[in-house]
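> Got a sequence here, can you build the structure:
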Amino acid sequence: MTLWRIVFPRGLHDGLARLLAATHPRENGCYVTAAWHESAPSHLLARSIIPPDAESWNEQGEHRLDASSAYLNRAIMGAESAGACLLFVHTHPLPQHSPRFSRADELANERFFDDVSPMLDGRPLGSMVMSGAGMTDAAIRHEGKDHVPASIDVVGRTLERRYLRPPPPAAAPRSRAHERQEALLGPETQARLGDLAVSVAGVGGVGSAVAVQLARLGAGRIILVDHDRLEESNVSRLHGSRPGDVGRSKAEIVAEHLGTFSDADVRAVRGDVRDPRNLWTVTRSDVVMCCTDNLRSRDYLNEAALVYYKPLVDAGCHVTAEGGLEATICAQLVSPDTPCLWCTGQIDPRRLGHEFLPEGQREEKRALGYYEPRQPAVVTFTTWAACLAVDKLLSLLGPRGKGGGGRESVSYVDIANEFSQHRTPPIKEGCICGRLRFGGGSDAPARGGRQVRAAGALAPSRGRDGVALPRE
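The predicted model follows:
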């Protein structure tokens, strides 16, 4: 069974809520464009608001909302020009209104699904209700079939999920395994961890430590992606490895280790995360942990995170020993509302260009000092980076109060100078991420993605029934 999700960036969701609340106690509504990617066919990703104006409603009252043909036409043309789907969101503003679709809403949904779907080749159409408790009901029509989305997600510095159908049954309790952490995180966050699907891209010193912590925290599903095999020099840092594992897949080694103490659903993928065949490891995850040792993968995941609204936690450390110890550790959250890796300088364009050169040319550049040779690595530093990364993930689920580094998007530690900093820098003006963010450009994914398919929607009359760091 396909489980649909509708995903909003936090900024767009909050702006939509303010716009719709402006006419309280009268009902209000508006159209929202949404991207629909072939690589994530059950996800509708809200992109921009098409706001109503003075001519948008034939009727607007406490119990009824009737969109004008002019507003409908404007919305359809906007969606078509952007290559986007179209959602219609309307409010149930009064306490006596049900948070669900009324019978009149259901009939209205049927009419516009039936009328508009043939005009748009059966592409998905959506309708939603926003009540005082937030988004509380939704319906999707696709290829003649009606769907109730499993959830509506809001992604920003936190990841909020409102279930519209019952969530998957919780795993059997594991005695008192998480009793003490639940005292800090709370039962709701612990349950959300159990429902979380997390991809770990790069299962080396940082990634293996991230995977172990996720499993011990109680994450429900963990996908490990790495194309490398274990080398003898890796054993001192790869959690769960033994000397006899040299030559085996890193992802498989760590997956086996997690199985010795965790009942999480763990899958090992031996391959490059940039391989189009492995894009599902991003689109089917709730959070992606980027622990790779190259900028090509980090650039790819940075872009995929923005296109698919997947929170990305990037983590690594940089260690040099020439002329004295220099060691820095960084973890950064990338989301629709926070700066990307290009904004903060974590991706160096010169080094990225070198990584695309043939191996022989890369060696020549390295010999000339254009970029660094293989750097030193120690398990204490790689595990420290993993701790910062997992703390970012926990902050997404909201277990911590306001203040503290967990709520900031970037955490940076300079070990040699005993200095640490937690901050959220601004999204850089003119950064290439601007074309990928909601409202920032085309709804089509760029490199590594597939073309967005377009759809439109109609809102007929509605009434109430009664009422730059290189890595280890």
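> In the stretch 101-250 of the chain, where is pLDDT below threshold?
Residues of the stretch 101-250 of the chain that meet the criterion pLDDT under 70 lie in 120-122, 166-175.
> so where do the strands sit in it?
Under the criterion DSSP state E, counting those that start in this stretch, the stretch 101-250 of the chain contains strands at 125-131, 134-142, 145-147, 151-155, 159-163, 197-201, 221-225.
> so which of the ones you listed gets nearest Ser262?
Comparison of those against Ser262 by CB to CB identifies strand 221-225 as nearest, at 8.4 Å. The way it works is simple: take the backbone N, C-alpha and C, and place the C-beta from them, glycine included.
> and the angle from the helix or strand following the closest one to strand 221-225?
Going down the chain from strand 221-225, the next helix or strand is helix 250-259, by DSSP states H and E. Here the directions of helix 250-259 and strand 221-225 differ by 150 degrees (axes from the mean of the first three to the mean of the last three CA atoms, to 10 degrees).
> immediately after helix 250-259, which helix or strand?
strand 265-269.
> mind putting the strands of the stretch 101-250 of the chain in CSV, mean neighbour count and distance to Ile427 included?
Putting the strands of the stretch 101-250 of the chain into CSV (neighbours: other CB atoms under 10 Å; distance: least, CB to CB, whole Å) gives the following:
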stretch, mean neighbour count, distance to Ile427
strand 125-131, 24, 27
strand 134-142, 21, 25
strand 145-147, 13, 34
strand 151-155, 23, 15
strand 159-163, 17, 19
strand 197-201, 26, 23
strand 221-225, 26, 27
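> closest one to Ala215 among those?
Per CB to CB, nearest to Ala215 of these: strand 221-225, 6.3 Å.
> List the strands paired with that closest one, with their directions.
On the basis of DSSP bridges, the sheet neighbours of strand 221-225 come out as strand 197-201 (parallel), strand 265-269 (parallel).
> These: which one's closest to Met128?
strand 197-201 (23.9 Å).
> can you redo the strands paired with strand 221-225 as TSV with distance to Met135?
As requested, these are exported to TSV (distance: least, CB to CB, whole Å):
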stretch	distance to Met135
strand 197-201	21
strand 265-269	28
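> Straight-line length of stretch 90-98, end to end?
Distance across stretch 90-98, first residue to last, is 13 Å (CA to CA, to the nearest Å).
> avg pLDDT for it?
Throughout stretch 90-98, pLDDT has a mean value of 93.
> which residues touch that stretch?
For stretch 90-98, the surrounding residues in contact (CB atoms under 8 Å, 6 or more residues apart in numbering) are 20-21, 23-29, 62, 65, 99, 127-132, 136, 459, 462, 464, 467.
> buried ones in that stretch?
His90, Thr91, His92, Pro93, Leu94, His97, Ser98 (16 or more other CB atoms under 10 Å).
> Now the phi/psi pair for the second one, please.
In this entry, Thr91 is assigned phi and psi values of phi -100, psi 150 (degrees, to the nearest 10).
> Go through the strands of the stretch 101-250 of the chain and name the closest to Glu256.
Glu256 lies closest to strand 221-225 among the strands of the stretch 101-250 of the chain, at 10.5 Å (CB to CB).
> How about exporting the closest one as CSV, limited to the C-alpha atoms?
Output of strand 221-225 as CSV, limited to C-alpha atoms (Å, rounded to 0.1, in the frame of the first residue of the first chain):
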residue,chain,number,x,y,z
ARG,A,221,15.0,2.0,10.5
ILE,A,222,18.6,2.6,9.6
ILE,A,223,20.0,2.5,6.0
LEU,A,224,23.8,2.3,5.7
VAL,A,225,25.3,3.4,2.4
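> what residues does that strand touch?
By CB under 8 Å, 6+ apart, the list of residues contacting strand 221-225 reads 196-203, 207, 211, 214-215, 251, 254-255, 258, 264-269, 271, 273, 278, 281, 284-285.
> Direction-wise, compare the strand or helix carrying Thr380 with strand 197-201 and give the angle.
Assigning secondary structure by DSSP H and E places Thr380 in helix 379-396. Here helix 379-396 points in a direction 150 degrees away from that of strand 197-201 (the same axes, to 10 degrees).
> Run through the neighbouring helices and strands of helix 379-396.
Packing partners of helix 379-396 (3 or more CB pairs under 8 Å, 6 or more residues apart in numbering; DSSP states H and E): helix 205-217, strand 287-290, strand 312-320, strand 326-334, strand 410-414.
> Kindly reformat these as TSV and extend each row with mean neighbour count and distance to Trp36.
Below are these laid out as TSV (neighbours: other CB under 10 Å; distance: least, CB to CB, whole Å):
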stretch	mean neighbour count	distance to Trp36
helix 205-217	26	30
strand 287-290	28	20
strand 312-320	25	21
strand 326-334	24	22
strand 410-414	20	32
